[in-house]
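>>> pasted the sequence and its predicted model underneath.
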Amino acid sequence: MRPPSQYPQEIGQEAGDREPDPRFGAMMICTKLAGRAVIRVIGRCNDAKENENLDLSNCQLMQVPDAVYHLMRHTELKTCDLSDNDITKIPPKFAAKFNLITDLNLSHNQMSKLPDECVDLGSLQRLNISHNTFIQLPNCVFKIPKLRHLDASNNSIVDIDVDCLKEAPSLETIDLSNNPIAPRIHEQLSKITHLRITLSPRVKEDWEDLTI
């Protein structure tokens, strides 16, 4: 049997002979970033308990963590900022948990739809869904009872239910600039006078310039 004193040296030599896993560095960086993001979310939730304004912008979120609902369960939030993340959807329970907020910022995410339960955001006055991936403006936004200002600019919106928009109970302004709105819808929107609607100038299709 070899003397025990030889083992550590040999083990060290064997470890030195092995090439490091090239993925190890990347894994360590990802772990650190994830840890920082969690710490940031918890810290901002604690701040919200004091000022009633939840700011989770730029927190590397792909969804609203369940822990946020738990941490905020005794806080009556006034505003919620989820901008500059990678969120793809808002769960139905969001409206039930945060039904007292007056301002919701969902801009600069990856969302293409909103849950119908958003109509339960009974105190919401401002909604920002700009810079997302919507191709149709969700009808639920027109049923939010106190919504006054809607920013839906810089999406891919082609279709809008104009009749629903006209019946929105409290809507005053809506920004639809920088969207590829269909010509027929664009024309209908431009004729609405009781709302302040921001539209980008309509670019004519190639076929519209053809002369017979």
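Received it, and whenever you're ready, just let me know what you need.
>>> show me where the chain has its strands.
All strands of the chain, identified by DSSP state E, fall at 53-55, 79-81, 103-105, 126-128, 149-151, 173-175, 196-198.
>>> quick one: strands adjacent to the third one?
By that I understand strand 103-105. Paired strands of strand 103-105, with direction, are strand 79-81 (parallel), strand 126-128 (parallel) (DSSP bridges).
>>> can you redo these as JSON lines with distance to L56 and mean neighbour count?
All C-beta atoms are positioned from the backbone trio N, CA, C, and that covers glycine. Listed next are the strands paired with strand 103-105 as JSON lines, based on distance: least, Cβ to Cβ, whole Å; neighbours: other Cβ atoms under 10 Å:
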{"stretch": "strand 79-81", "distance to L56": "7", "mean neighbour count": "21"}
{"stretch": "strand 126-128", "distance to L56": "14", "mean neighbour count": "21"}
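>>> ok, which of those comes nearest V41?
strand 79-81 (12.5 Å; Cβ to Cβ).
>>> quick check: mean pLDDT of that closest one?
Mean per-residue pLDDT for strand 79-81: 98.
>>> lowest-confidence helix or strand of this protein?
Lowest on mean pLDDT, DSSP states H and E among the helices and strands of the chain sits helix 6-17, with a mean of 48.
>>> before we move on, back to that, save the strands paired with strand 103-105 as a markdown table, and put in distance to K146 too.
Output for those, formatted as a markdown table (distance: least, Cβ to Cβ, whole Å):
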| stretch | distance to K146 |
| --- | --- |
| strand 79-81 | 14 |
| strand 126-128 | 10 |
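>>> between these, which one is nearest to I144?
strand 126-128 (7.3 Å).
>>> what's the mean pLDDT across that closest one?
Strand 126-128 carries an average pLDDT of 98.
>>> what does that strand contact?
By Cβ atoms under 8 Å, 6 or more residues apart in numbering, the residues outside strand 126-128 that reach it are 83, 102-107, 141, 144, 147-151.
>>> and with 6 Å instead?
With contact meaning Cβ atoms under 6 Å, 6 or more residues apart in numbering, strand 126-128 is reached by 103-105, 107, 147, 149-151.
>>> ok, now stretch 168-188?
Identification of contacts with stretch 168-188 by Cβ under 6 Å, 6+ apart yields 142, 145-155, 157-158, 160, 162, 196-200, 202.
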